[in-house]
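Enquirer: Kindly return the folded structure for what I paste below:
(one chain, ligands or ions: 1)
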Amino acid sequence: MDKFSLDRDWKFYNGDFELPETKTHTECYMAAKAGGAIGAASPDFDKSDWETVNLPHDWAVYNEFEEKWGPSQGYKKRGKAWYSKRFRLDESDRDKQILIEFEGISSYATVYLNGSVIGRNFCGYNSFVVDATDMALYGDQVNDLVVFVDATQIEGWWYEGAGIYRHVNLYKKNKLHIAHWGVFVHPIRKTVDVWDAATDTTIENSSYENKNFRLKTYILDKEDNIVGKDEKEFSVAGGNKIEVNQSILTYSPLLWDIDAPNLYTMVSELYENDSLVDSQKNTFGFRTIAINKDNGFFLNGRHVPLYGTCNHQDHAGVGVAVPDSVNEYRIKLLKEMGSNAYRCAHGNPNPEILDYCDKYGILVMDENRNFNSSADGIKQVQDMVMRDRNHPSVVMYSLFNEEPLQGTPTGRKLAERLQCEIKKLDATRFLVGAMNTGVTTDGGACDILDMTGFNYITHTYDDFREKYPDMPMLGSENDSAFQTRGVYKTDHSKNIIDCYDSEAAPWGNTYRDGFKQVDTRPHIMGLFIWTGFDYRGEPTPFEWPSIGTQFGIMDTCGFKKDAFYLNKAFFTDEPMIHILPHWNFADGEEVRVMTHTNCSEAELFLNGKSLGKKNVDKYDMADWFVPFEKGTLKMVGYIDSKEVCSDEVSTANAAKKIIITPQNEFVYDSCDDAVIFNISVVDENGVSVPTADNLIKFTADGGEIIGVGNGDPNSHEADKAEERHLFNGLCQVIVKQSDGAENVTVTAASDGLESATATVKSVANENKKIFIPSVNEKYIAKWRQAVDLSETRPDPNVKIEDHDMNTWGIVSVGSGYDDKFKNVTGYGLYKTTVNINENDNFIVFRELTGNEVEVFVNGEQKFKGDCQWGRKVEINVSDVNGDADIVVIVNSTKADGNGGISKPVVITD
Ligand code: GAL
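Expert: Now for the predicted structure:
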């Protein structure tokens, strides 16, 4: 196993620090050196009072809603912050390649290791990898991985969160290894039954010697049978890399399809002199994709209209730091609706989302964030493609969304450049731009891509088709219709909109009209509805106090609005019917009752009495106006005059009892896995109370509450809390499992209601994460050292001249004996200045070595003794406050003896 998790136990400081002044010559000289970072990026910076946090972490979601921060980012402050994780690597890792993969940081990140920058990434959406090999420390020495995050940078007009909001992984690799994201499997159908699982593997040799290797590549099916293999021998020069292309024939594999998402594993094994030095497993699928100007999209030769949704990444309670199981819950809901496509708006998603799209059979439009062809911009598309190109779910890459330059020659040049860079890495996906203007302008980005994506502008569909009859067309963004979950009377003064599909943004369409526009034009390959889920920020058409959107087919908790059933009626053929609204109104009030169904007729019954059967228009549906009368309202669906399905709602009495519905059947043990518990209330007959707004208080056992929500776009209640009001009958609590707990149990209580308890069992996970522990101690790692040993005992009070860079060197101590004492005798002199605060009581030298060692603090001798066999020395500094000069004199009297500050030095309380 060469993959480890760095998710746990980071130190976090919400804010920034002034850089210390570098006035003296020495300070400037030292700060300019490898390992010389100053301020919070320095390994010696005291981080002991920083908060401890686990990843994924979104600090913005902890902040209060404040009007001054504006609507786009959901009225949350973002700002700047520092993270640090101190950890050890094994002595045996010393000869390895150490890589650190950040799955996503919002927004601009600078990564330091042991005082040197090892990476910068200025985009909040791409995953990126930094090579930590050269700066890493091993054995007793401690690594300080520091990340400075600048989330004042805006990349979106929606809530982007702030911080290291996705997982961080560390890889330990042999110097001869398969490159990170270095395996690309792109199966080609040769004949009906024969496939070539063509695989390109990049082998990297980060040693400096030439290496010979054998690459063994084989395909495993679900039962671990080998169904195709190939082996090749090559050599690769030191410090170089090579791409190996293999053709792996496979016979009659099970195809990956949206209805049968069959997956295979490509195992790549790298051998050097018959010993296995590296291996990688990549999941992939056999499938073909094609597009056609007249009929749209084809999967495995079958016409599949794309019924998609666009989605941002945040969820109730957790912001953008979404646990994997919550992402899985969201993908499953979309699948349940019959949606078969997912657009990652407007940037690369969490990689886990693509795993779930592979698993559940959802086609993905993967999207690039920045329309930019600088080296940084190109790296961002490269990261996207290299990370995501093995996913059978990914069928297209979107280069941009609604770029003002899209219809201009500049936009064309940008698109051409990005297209070229993508095709070099993956020529098997279609490329699209999501355009809201400029589609019929010659010379822009539109006609160089594989298809034209239309964001809204349905009125241009026909003109475009006439002008560019050969260009495939796609609804890349549609509708922007509004619904507030559980609301059946629009009240703009309260920022709420009914769920009868009555309103959409001026540039959009209602769900019904939007679907009709696409469905009646078979050459348009499908649509991506804006959006599957409500998200924070962009509270269009309202502003404060609304803090989130109402565009979602589901709310931020994944609670279904009526739009869920409306779109399900459009997307699916299996007979279904849904009735709206609920049935709790004032006696005699006239209520609009509507059906969302794929049946051709529907009949409404109130308390058993028919209120009439109606033909259902495929797009518009059907409705009735009914004076309210307590009881049960039932809607029956008919196809060919046969009753095929029904749905009903009953009047609820006062809330009596809380109901908890866990969304996972189990939780993985010791993996930071989380469970969603959905909360509702019922009356004495078990009927859900659709208007309930009780305050529910939670306690969790075997886990930690990491967020609560209720989907109300106007609520300012805290996400990080142990209570939440129901909003129109529902709320949600998300609980993260505690290591080793047998169960995760949640209790929900509310004044005047019967409380409830629900339990989810923990199970072992065979792919358990291995977490690298943190070492949270204050280190004194950086020292100055007299370059030469002296024959006579040096003066402990000797001053280092500010201009003296040459008789005094810079050393990082603690990694063993000092080479200076090898085969010679003499006095070595070490000096540093540290800040001692009132909680610091001891300086602990974990090991000093030398025949005679002396330690001085501010000129006063604190220790003198024989350390020839190595000795731990503790110096009491409880009487010291502020900057202290520490001097160590090591006298080695035997040429075959050892000397030095041989183990790390720490300050303790
Ligand atoms: C589009 C845009 C989306 C969102 C949407 C709201 O123009 O691409 O990000 O802002 O409008 O209707």
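
Enquirer: hey, let's count contacts and neighbours off CA atoms from now on
Expert: Will do.

Enquirer: so how far is the longest helix seen in the chain off the chain centroid?
Expert: Counting residues, the longest helix found in the chain (DSSP state H) is helix 409-425. A distance of 26 Å separates the centroid of the chain from that of helix 409-425, by Cα atoms, centre = their mean, to the nearest Å.

Enquirer: After it, which helix or strand is next? Please name it.
Expert: Downstream of helix 409-425, the next assigned helix or strand under DSSP states H and E is strand 430-435.

Enquirer: Distance of E777 relative to D49?
Expert: Using Cα to Cα, to the nearest Å, E777 is found at 11 Å from D49.

Enquirer: between these two, which one's more packed in?
Expert: Neighbour tally, E777 and D49, criterion other Cα atoms under 10 Å: the higher count belongs to E777, 15 against 9.

Enquirer: pLDDT wise, what is that one at?
Expert: With respect to pLDDT, E777 has a value of 83.

Enquirer: Once you drop chain neighbours, what's closest to it?
Expert: Using Cα to Cα, 6 or more residues apart in numbering and skipping the chain neighbours, the partner closest in space to E777 is V906 (6.7 Å).

Enquirer: quick one: buried residues of stretch 356-376?
Expert: By 16 or more other Cα atoms under 10 Å, the buried positions in stretch 356-376 come out as 356-373.

Enquirer: In strands only, show me those residues.
Expert: The strands, defined by DSSP state E, take in L363, V364, M365, D366, E367 from the buried residues of stretch 356-376.

Enquirer: ok, residues contacting stretch 890-906?
Expert: Here stretch 890-906 makes contact (Cα atoms under 8 Å, 6 or more residues apart in numbering) with 140-141, 777-781, 793, 813-818, 821-829, 843-854, 868, 870.

Enquirer: let's see 6 Å
Expert: 778-780, 813-818, 821, 823-828, 843-853 (Cα atoms under 6 Å, 6 or more residues apart in numbering).

Enquirer: now these: which count as buried?
Expert: Members of the contacts of stretch 890-906 classed as buried by 16+ other Cα under 10 Å are 778-780, 813-818, 821, 825-828, 843-853.

Enquirer: Take the residues you listed and keep only those in strands.
Expert: Those of the buried ones among the contacts of stretch 890-906 mapping onto strands are 778-779, 826-828, 843-853, per DSSP E.

Enquirer: Let me know the closest of those to V236.
Expert: The nearest member of these to V236, counting by Cα to Cα, is Y779 at 40.5 Å.

Enquirer: which residues touch that closest one?
Expert: Listed by Cα under 6 Å, 6+ apart, the contact partners of Y779 are D44, V905, V906.

Enquirer: Tell me where the model's unsure across this structure.
Expert: For the chain, residues meeting the criterion pLDDT under 70 lie at 1.

Enquirer: What distance separates the opening and closing residues of stretch 65-78?
Expert: By Cα to Cα, the extent of stretch 65-78 from end to end equals 11 Å.

Enquirer: and what of stretch 21-28?
Expert: With Cα to Cα as the measure, the ends of stretch 21-28 fall 9 Å from one another.

Enquirer: Give me the buried positions along it.
Expert: By neighbour count with 16+ other Cα under 10 Å, stretch 21-28 contains the buried residues T26.

Enquirer: contacting residues around that stretch?
Expert: D802.

Enquirer: Over to stretch 687-698?
Expert: Stretch 687-698 has contacts (Cα under 6 Å, 6+ apart) with 652, 681-682, 722-729, 747-750.

Enquirer: Of all pairs in the residues you listed, which one is the farthest apart?
Expert: Farthest pair in the contacts of stretch 687-698 (Cα to Cα) is A652 and E722. Separation: 27.2 Å.

Enquirer: of those two, who's got more company?
Expert: A652 (22 against 18).

Enquirer: where's that one, which helix or strand?
Expert: Using DSSP H and E, no helix or strand contains A652.

Enquirer: From T632, how far out is it?
Expert: Counting by Cα to Cα, the separation of A652 from T632 is 10 Å.

Enquirer: Ends of stretch 54-69, what's the gap?
Expert: First-to-last distance for stretch 54-69 - Cα to Cα - comes to 26 Å.

Enquirer: buried set for it?
Expert: For stretch 54-69, by 16+ other Cα under 10 Å, it's N54, L55, P56, H57, D58, W59, A60, V61, Y62, F65, E66, E67.

Enquirer: Got phi/psi on the fifth one?
Expert: Main-chain dihedrals, D58, degrees, to the nearest 10: phi -120, psi 110.

Enquirer: Next: the second one.
Expert: Note on L55: its backbone torsions stand at phi -100, psi 160 [degrees, to the nearest 10].

Enquirer: gap between it and N169?
Expert: Applying Cα to Cα, the value for L55 to N169 is 11 Å.

Enquirer: and if you look at the first one?
Expert: In this structure, N54 and N169 are separated by 13 Å, where distance is defined by Cα to Cα.

Enquirer: what do you get for the last one?
Expert: If you measure E67 against N169 using Cα to Cα, the figure is 37 Å.

Enquirer: Same question for the third one.
Expert: Look at P56 and N169: by Cα to Cα, they are 12 Å apart.

Enquirer: buried set for the longest helix of the chain?
Expert: Buried, per 16+ other Cα under 10 Å, within helix 409-425: G411, R412, K413, L414, A415, E416, L418, Q419, E421, I422.

Enquirer: again with stretch 719-730
Expert: D719, K720, A721, E722, E723, R724, H725, L726, F727, N728, G729, L730.

Enquirer: of all these, which comes closest to D462?
Expert: Using Cα to Cα, N728 comes nearest to D462 of those, at 41.8 Å.

Enquirer: Let me know the distance separating the residue nearest to the closest one when sequence neighbours are not counted from A445.
Expert: Leaving aside its sequence neighbours, N728 sits nearest to T691 (Cα to Cα, 6+ apart; 4.3 Å). Using Cα to Cα, T691 is found at 49 Å from A445.

Enquirer: With G433 instead?
Expert: Relative to A445, G433 is positioned 8 Å away (Cα to Cα).

Enquirer: and if you look at G899?
Expert: Note on G899: its distance to A445, by Cα to Cα, is 67 Å.

Enquirer: ditto for F482
Expert: Look at F482 and A445: by Cα to Cα, they are 31 Å apart.

Enquirer: Look at the two and report which has more neighbours.
Expert: With neighbours defined as other Cα under 10 Å, F482 and A445 compare such that F482 has more, 30 against 27.

Enquirer: Pull up the gap between the more buried one and L726, please.
Expert: The gap separating F482 from L726 is 21 Å, by Cα to Cα.

Enquirer: Can you show me the CA trace of stretch 752-761 as PDB?
Expert: What follows is stretch 752-761, C-alpha atoms only, in PDB (Å, rounded to 0.1, in the frame of the first residue of the first chain):
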ATOM      1  CA  GLY A 752     -44.000  18.600  23.200                       C
ATOM      2  CA  LEU A 753     -43.000  15.800  20.700                       C
ATOM      3  CA  GLU A 754     -42.200  12.100  21.200                       C
ATOM      4  CA  SER A 755     -38.500  11.900  20.600                       C
ATOM      5  CA  ALA A 756     -36.800   9.300  18.300                       C
ATOM      6  CA  THR A 757     -33.600   7.400  18.100                       C
ATOM      7  CA  ALA A 758     -32.000   5.800  15.000                       C
ATOM      8  CA  THR A 759     -28.900   3.600  14.800                       C
ATOM      9  CA  VAL A 760     -26.600   2.800  11.900                       C
ATOM     10  CA  LYS A 761     -24.100  -0.100  12.300                       C
END
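
Enquirer: one step back: got a markdown table for the buried residues of helix 409-425, with distance to R86 too?
Expert: Below are the buried residues of helix 409-425 laid out as a markdown table (distance: Cα to Cα, whole Å):
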| residue | distance to R86 |
| --- | --- |
| G411 | 44 |
| R412 | 46 |
| K413 | 45 |
| L414 | 41 |
| A415 | 42 |
| E416 | 43 |
| L418 | 38 |
| Q419 | 40 |
| E421 | 37 |
| I422 | 37 |
